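3D, please:
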Amino acid sequence: MDETVWVGIDVGRHAHHAAAVNGAGTVLWSRRIPNDQPAIEALVDRVAGVETVVWAIDMTAPESALLRGVLAVRRQHIRYVPGRVVHSMTGAFAGEGKTDARDAVVIAQTARLRGDLATVSVPDDVAIELDLLTGHRNDLVAERTRGINRLRGLLTRIFPALERCFDYSTLTGLAFLIQFTTPSSIAAASDGEIFDHLRGHGVRRPTIPKMIDRARAAAAAQTVTLPGEATTAMLVQQAAASLMALTRQIAVLDKQITEVFRRHRHARILESVPGIGTRSGAELVAITGGDLTSFGSAAKLAAYAGLAPVPHDSGNRHGTLRRPQRYHRRLRKVFYMAALNSSQRDGPSREFYQRKRREKRSHVHALIALARRLVDVVWALIRDGRLWTSQPVAPPTTSPVAA
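Numbering: from 1, shown residues only. This is a model prediction of the structure:
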């Protein structure tokens, strides 16, 4: 048999399509397989006699979890061919049709032609847990943001002054709206009733008098009753109650994320870096699969985070750099927020940020430069297995890219 075979798999939810090519690019076989363990194991057995088998997939989403798990147990090497690359490479082959079988062949051929594709590694258990928990938290936060926007829109319809009174991203403001949403409801309640209601929902005593004064002033400024007030007030109260429950759910989830994150072997190292807390550290572990060194170098990690410049020369234009278009948005946000937080504390990070500002860099550009530097710092600490110290770390060898 052939010494090396490349197997490309077009991943699907219910079934995958696999195709194998040899070193000459000849398609050896192509078949559709269900997304079940016996079928995937039978596919692996089909190439068991081949000296070297390189597997390539176009998706690392949950649909490919069983496939990746079975291949990992069978100690198979998996390469990742992004969907954008598959789309670009399709034009290099004859025909314009698009089928799963054709995509599988393109994935296999791409893996054969390109030796720089990323290897798909199996993350550790803690990284998987953090990936699930942080992903769920991001969904809940997005849902809460949408809910707050809807609540503000409803409240503006009937009581604009009250909408401006409080911050409804906190439990304090939401607690008030559970019962008092119209000028008449505020005017009809005594200060004691409002006080008891807010205290019953955990609002701090020193905060309540100021809230009552602001609500009274808003109610006194509006005497007209707008159409649909009763129905809108009911919807506002329901939205406030839902948002309070959602906020508490996020708080419980944050505690769970902290507990899981601190079980990871790199937790103490990441938490020692100024600007990186438990939440951003958990995101970092989840995104990288728990092993930053798998990227090979700090430069590759920075490129994955979109913090490495890309040449953009053309004609007589030389030495131009731009931000890459393909990078991991969440990972870039982790390092950017870490740079923002650390730039506000005394230490090497703040000194580096201020030096960039003295070099006439804008605030955003200086933060991106610091984020690129933090990539080197985190990489070095994880590689050496040591905690952060106040000793300066050498700046990156490549210049930070402008935003």
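
can I assume residue 53 sits in a helix?
No. In this structure, residue 53 is strand, not part of a helix, as judged by DSSP: H, G, I helix; E, B strand; the rest coil.

Run through the stretch 301-403 of the chain and note the low-pLDDT ranges.
319, 321, 390-403 (pLDDT under 70).

got the residue ranges for the strands in it?
For the stretch 301-403 of the chain, the strands defined by DSSP state E, counting those that start in this stretch occupy 310-311, 321-322.

now this protein, which segments are flagged as low pLDDT?
Judged by pLDDT under 70, the stretches of the chain that qualify are 1-2, 319, 321, 390-403.

so who does the residue positioned nearest the centre of it touch?
The centroid of the chain falls nearest to residue 330 when counting by CA atoms, centre = their mean (3.5 Å). Under the criterion of CB atoms under 8 Å, 6 or more residues apart in numbering, the contact list for residue 330 reads 283, 287. The way it works is simple: take the backbone N, C-alpha and C, and place the C-beta from them, glycine included.

mind running it again at 10 Å?
134, 135, 138, 283, 284, 286, 287, 305 (CB atoms under 10 Å, 6 or more residues apart in numbering).

Dump the strands of the stretch 301-403 of the chain to TSV, plus distance to residue 52 and mean neighbour count.
Output for the strands of the stretch 301-403 of the chain, formatted as TSV (distance: least, CB to CB, whole Å; neighbours: other CB atoms under 10 Å):
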stretch	distance to residue 52	mean neighbour count
strand 310-311	33	12
strand 321-322	38	13
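
any idea how far residue 208 is from residue 326?
Residue 326 sits 51 Å away from residue 208, going by CB to CB, to the nearest Å.

Name the residue in these two with the higher neighbour count.
residue 208 (19 against 11; other CB atoms under 10 Å).

Okay, strands next: where are they in the stretch 101-250 of the chain?
118-119.

now the helices: where do they sit in it?
125-158, 160-163, 171-177, 183-188, 191-200, 208-220, 229-261 (DSSP state H, counting those that start in this stretch).

Would you convert the strands of the stretch 301-403 of the chain into JSON lines that also reports distance to residue 73?
Formatted as JSON lines, these follow (distance: least, CB to CB, whole Å):
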{"stretch": "strand 310-311", "distance to residue 73": "38"}
{"stretch": "strand 321-322", "distance to residue 73": "42"}
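
of these, which approaches residue 85 most closely?
strand 310-311 (16.2 Å; CB to CB).

other SSEs contacting that closest one?
Applying 3 or more CB pairs under 10 Å, 6 or more residues apart in numbering; DSSP states H and E, we find strand 310-311 packed against strand 321-322.

still on that earlier bit, kindly reformat the helices of the stretch 101-250 of the chain as CSV containing distance to residue 12.
Formatted as CSV, the helices of the stretch 101-250 of the chain follow (distance: least, CB to CB, whole Å):
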stretch, distance to residue 12
helix 125-158, 21
helix 160-163, 47
helix 171-177, 43
helix 183-188, 54
helix 191-200, 52
helix 208-220, 54
helix 229-261, 31
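
Tell me which of these is the most buried.
Of all those, helix 171-177 has the most neighbours on average by mean count of other CB atoms under 10 Å, namely a mean of 22.

Give me the helices and strands touching that helix, please.
Using 3+ CB pairs under 10 Å, 6+ apart: helix 171-177 touches helix 125-158, helix 160-163, helix 191-200, helix 208-220, helix 229-261.

Farthest-apart pair in the contacts of residue 330, please.
Every pair of these checked by CB to CB; the farthest is 135 and 305, at 18.1 Å.

Spell out the secondary structure type for the closest residue to residue 261 other than its chain neighbours.
Spatial nearest neighbour of residue 261, chain neighbours left out: residue 282 (4.2 Å); criterion: CB to CB, 6 or more residues apart in numbering. The three-state label given to residue 282 by three-state DSSP is helix.
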